[in-house]
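>>> pasted the sequence and its predicted model underneath.
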Amino acid sequence: MRAAICHFLAEDRSGLRVETGWAEPPAPGAGEVTVAMTHAGLNFPDLLMLSGGYQFRPDLPFVPGVEGAGHIVAVGEDVSGELIGERVVVGTRSGCLAERLTLPLGAVRSVPGGLHDAAAAGFTVAALTAWVGLVERGRLVAGERVLVCGAGGGMGWAAVQLVLAREGHAVAATSDPAKGDLLCALGAEVVIVDRAAPAFELRNIDIVFDPVGGALTLPAMRMLRWGGRHLMIGFAGGDIPRLPLNRLLLKGIEVVGVRAGEAGRQDAGAGAAHIRAIDALADRMTPHVGLTVALEDVGEAFAAMAAGRVTGKAVVAF
């Protein structure tokens with residue numbers, strides 16, 4: 001079986017190899033299914049896992065990939081045989097960059113909203129993080145102004161879509177004018193930011209959605225109104241910023257950490273409700289798949305993501 005396998009951790013992802021002899025997954029046991037993958041969505045947690053920089057560290061060697069899409073080819077005991085052939089999305093902590101995997105039935109669900117497989121493969125992580133961040137943690141209400149950092153990437157793109165779907169005003173920050181044109185077509189106000197020396201000329205922002213971190217965080221935070229909320233999603237910019245706590249005091253700002261997957265693991269009922277919420281919005285939050293590669297080229301896709309060259313989502317097609 002073909003799979004992308006991480007044999008050792010390295011900043012340059014040199015431990016990742018695509019091989020043809022990876023062991024087939026076990027036959028599904030009770031409550032399990034085997035899925036033949038058609039596509040896998042790539043995410044920044046995958047990049048971090050390959051370097052050892054993520055909070056979850058699978059045992060080596062491991063197959064990365066936290067989300068994807070495919071169809072069920074085998075079922076275990078206590079699972080209806082009628083599910084064979086069902087198109088599903090997969091969510092797991094690793095393993096999606098393999099042609100087949102066996103996992104609990106609860107880790108798959110029917111493809112929402114008629115999404116095609118490539119879009120379905122890249123839907124859940126970004127949409128779920130946007131929902132948990134903006135709605136659950138950020139308390140977004142209609143009419144609020146949301147500054148979305150890194151708006152041209154997969155996570156930021158989903159945040160812009162969700163703000164608009166919830167009748168908010170999306171201010172999309174990107175360093176790439178071409179991405180800005182696409183975001184403008186979505187309905188966002190666009191600001192072009194210098195990545196080396198980011199600055200904004202905005203005021204009265206209600207929420208900052210920040211998956212970038214680094215040098216962008218403090219300039220974005222300065223744009224918040226009194227009582228605004230700064231949502232820390234991640235650090236795609238590579239650096240974890242140091243925050244002067246006096247700024248929080250002077251403007252009554254909330255800085256909120258967002259871990260959508262962990263939120264669902266801590267409270268399974270809430271996690272299921274979050275999934276239902278994003279699936280209901282799938283037609284309004286369809287990912288923009290800006291890069292599709294074969295499994296053999298997954299290393300190039302990761303390099304493009306790390307350099308910020310991907311618009312929307314990068315997806316592997318098997």
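Structure received. The structure presented is a predicted model; accordingly, all values stated were derived computationally and were not measured. Numbers count the residues shown, from 1 in each chain.

>>> how does the protein divide up, domain by domain?
For the chain, the domain assignment from automatic domain parsing gives the residue ranges 3-123+286-317, 126-261.

>>> okay, the ones you listed in a markdown table with mean pLDDT next?
What follows is these, written out as a markdown table (pLDDT from 0 to 100):
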| stretch | mean pLDDT |
| --- | --- |
| domain 3-123+286-317 | 97 |
| domain 126-261 | 95 |
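
>>> turn those domains into JSON lines, including mean neighbour count.
Placement of C-beta: from N, CA and C, glycine included. JSON lines is the format used below for the domains of the chain (neighbours: other CB atoms under 10 Å):
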{"stretch": "domain 3-123+286-317", "mean neighbour count": "19"}
{"stretch": "domain 126-261", "mean neighbour count": "20"}
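
>>> Gly271 is nearest to which of these?
domain 126-261 (8.2 Å; CB to CB).

>>> would you turn the domains of the chain into JSON lines with distance to Ala270?
Converted to JSON lines, the domains of the chain look like this (distance: least, CB to CB, whole Å):
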{"stretch": "domain 3-123+286-317", "distance to Ala270": "15"}
{"stretch": "domain 126-261", "distance to Ala270": "8"}
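
>>> between these, which one is closest to Ala277.
When the domains of the chain are ranked by distance to Ala277, counting by CB to CB, first place goes to domain 126-261 at 5.7 Å.

>>> quick one, which of the domains of the chain gets closest to Ala272.
Nearest of those (CB to CB): domain 3-123+286-317, 9.2 Å.

>>> that closest one: how far from the chain's middle?
Averaged C-alpha coordinates place domain 3-123+286-317 at 13 Å from its chain's average position (CA atoms, centre = their mean, to the nearest Å).

>>> repeat that for stretch 208-219.
Between the mean C-alpha point of stretch 208-219 and the mean C-alpha point of its chain there is a distance of 17 Å (CA atoms, centre = their mean).

>>> pull the CA atoms of that stretch into PDB?
Once non-C-alpha atoms are left out, stretch 208-219 reads as follows in PDB (Å, rounded to 0.1, in the frame of the first residue of the first chain):
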ATOM      1  CA  VAL A 208      -9.200  39.300  15.500                       C
ATOM      2  CA  PHE A 209      -8.900  35.800  14.100                       C
ATOM      3  CA  ASP A 210      -5.200  35.000  14.200                       C
ATOM      4  CA  PRO A 211      -3.700  31.800  12.900                       C
ATOM      5  CA  VAL A 212      -0.500  33.500  12.000                       C
ATOM      6  CA  GLY A 213       1.100  34.800  15.200                       C
ATOM      7  CA  GLY A 214       4.600  36.200  15.000                       C
ATOM      8  CA  ALA A 215       5.000  39.800  14.000                       C
ATOM      9  CA  LEU A 216       1.400  40.100  12.900                       C
ATOM     10  CA  THR A 217      -0.200  39.600  16.300                       C
ATOM     11  CA  LEU A 218       0.500  42.900  18.100                       C
ATOM     12  CA  PRO A 219      -0.300  45.200  15.100                       C
END
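
>>> how much space between Trp191 and Ala304?
Slight slip there: residue 191 is Val, not Trp. As judged by CB to CB, to the nearest Å, Val191 and Ala304 stand 23 Å apart.

>>> Ile233 too?
From Ile233 over to Ala304 the distance is 20 Å, taken as CB to CB.

>>> do Cys6 as well
Here Cys6 is placed at a distance of 18 Å from Ala304 (CB to CB).

>>> list the contacts of the closest residue to Gly41 other than its chain neighbours.
The shortest distance from Gly41 to any residue that is not its chain neighbour, by CB to CB, 6 or more residues apart in numbering, is 3.4 Å, and that residue is Gly122. Contacts for Gly122 were tallied using CB atoms under 8 Å, 6 or more residues apart in numbering; they are His39, Gly41, Leu42, Glu67, Gly154, Pro287, Val289, Gly312, Lys313, Ala314, Val315.
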